[in-house]
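In: Predicted structure and sequence below. I'll ask about it afterward.
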Amino acid sequence: MKGLLEREGFAVVGEASNGVEAVRLVRHFRPEVAILDFDMPLMNGIDAVTEIVRHSPRTKTILLTADTGHQHLAEALRAGSRGFVLKNHGVAHLIRAIGEVTRGGVYVSPSVSTTVAPASLAKTDFPPDRLTRRERQVLQLIAEGKKTKEIAALLGVKIKTAESHRTRIMRRVNIHETANLVRYAIRGGLTRL
C-alpha cells in the first residue's frame with residue numbers, strides 16, 4: 001500500500017504490522033491521516049481508532065475492511081473514524097476517502113452507504129458493550145490464541161493482572177470456557193478466524 005500511496009503523491013511516514021504499533025506510530029508522527037485495517041492483530045481497528053482519537057485528535061482515521069456489515073460501520077463511526085473503505089474497491093476509493101476526510105468530511109464506500117440505511121446504524125446485533133477497552137483488548141488477544149503470559153507481556157502488565165482481566169471478562173459476559181469466549185469475540189467483531 002505504501003508504494004500505491006506514494007505514487008499518488010502522499011507522504012507515508014510509517015507502516016505498522018499490528019494495532020498497538022499503529023497507535024504508537026500515530027502518537028509519534030501525528031499524521032494528518034492514518035489508514036488502519038479493521039482486523040489488525042493485538043489491537044483491532046475500532047480500539048486503535050479510539051486510542052488515536054484520544055491521543056492525536058487531529059489525525060483523521062480511515063478503516064479498511066472486507067466486511068460490509070452495518071454493525072462494523074456503526075462501531076467505526078462511533079469510535080471516531082472518518083472513513084470506512086472496502087478493501088475490494090481498490091485504490092481509487094481510498095484516494096477519494098483521503099481527500100474527503102482531509103477536507104473535514106466522512107467517506108463511506110458507496111456499496112456500504114447505499115445498502116445500509118442510516119437508521120440501522122444505531123442498531124447492532126451484538127449486545128451492548130459490557131467490557132472496558134482493556135478487557136476488549138484482552139478478549140481479542142485470547143481469541144487470537146495468546147496465552148495469559150503472552151497477553152501480560154504484550155500489554156506490559158503482570159501475569160496476575162492478565163488473569164484478573166480474563167476472569168472479569170468471563171464473569172461480565174457469563175461465559176466460562178475459552179472456546180465460547182472466542183466465539184463471542186468473533187460474533188462481536190473483535191477478531192476473525
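Out: That came through fine.

In: Which strand or helix spans residue 3?
Out: helix 2-7 (DSSP states H and E).

In: where do the helices sit along the protein?
Out: 2-7, 19-29, 45-55, 70-79, 91-102, 110-115, 133-143, 148-155, 159-173, 178-187 (DSSP state H).

In: Confirm for me that residue 4 is in contact with residue 98.
Out: No - Residue 4 is not in contact with residue 98 according to C-beta atoms under 8 Å; the separation is 11.5 Å. C-beta coordinates here come from the backbone N, C-alpha and C atoms, glycine included.

In: So which of these two has more stuff around it?
Out: A count of neighbours by other C-beta atoms under 10 Å puts residue 98 above the other of residue 4 and residue 98, at 22 against 13.

In: Could you report the pLDDT at the more buried one?
Out: What the model reports as pLDDT for residue 98 is 95.

In: Ok, residue 123 next?
Out: pLDDT for residue 123: 42.

In: what's the neighbour count on the closest residue to residue 58 other than its chain neighbours?
Out: Leaving aside its chain neighbours, residue 58 sits nearest to residue 30 (7.0 Å; criterion: C-beta to C-beta, 6 or more residues apart in numbering). A count of neighbours around residue 30, defined by other C-beta under 10 Å, yields 15.

In: how much space between residue 30 and residue 103?
Out: According to C-beta to C-beta, to the nearest Å, residue 30 and residue 103 sit 19 Å apart.

In: And for residue 72?
Out: In terms of C-beta to C-beta, residue 72 sits 24 Å off from residue 103.

In: swap in residue 155?
Out: 37 Å.

In: burial of the residue nearest to residue 95 when sequence neighbours are not counted, as a residue count?
Out: Distance criterion C-beta to C-beta, 6+ apart; nearest residue to residue 95, sequence neighbours excluded, is residue 8 at 5.7 Å. If you count neighbours by other C-beta under 10 Å, residue 8 ends up with 12.

In: Residue 8 contacts residue 96, doesn't it?
Out: No - assessed by C-beta under 8 Å, residue 8 is found out of contact with residue 96, at 11.1 Å.

In: least trustworthy helix or strand in this protein by mean pLDDT?
Out: The weakest-scoring helix or strand in the chain, judged by mean pLDDT, DSSP states H and E, is helix 110-115 (a mean of 61).

In: tell me the domain ranges of the chain?
Out: The chain breaks down by automatic domain parsing into domains covering 2-122, 133-187.

In: Quick check, central residue of this protein?
Out: residue 45 (1.2 Å; C-alpha atoms, centre = their mean).

In: so what pLDDT did the closest residue in space to that one that isn't next to it in sequence get?
Out: The shortest distance from residue 45 to any non-neighbouring residue, by C-beta to C-beta, 6+ apart, is to residue 38 (4.0 Å). Listed pLDDT for residue 38 reads 91.
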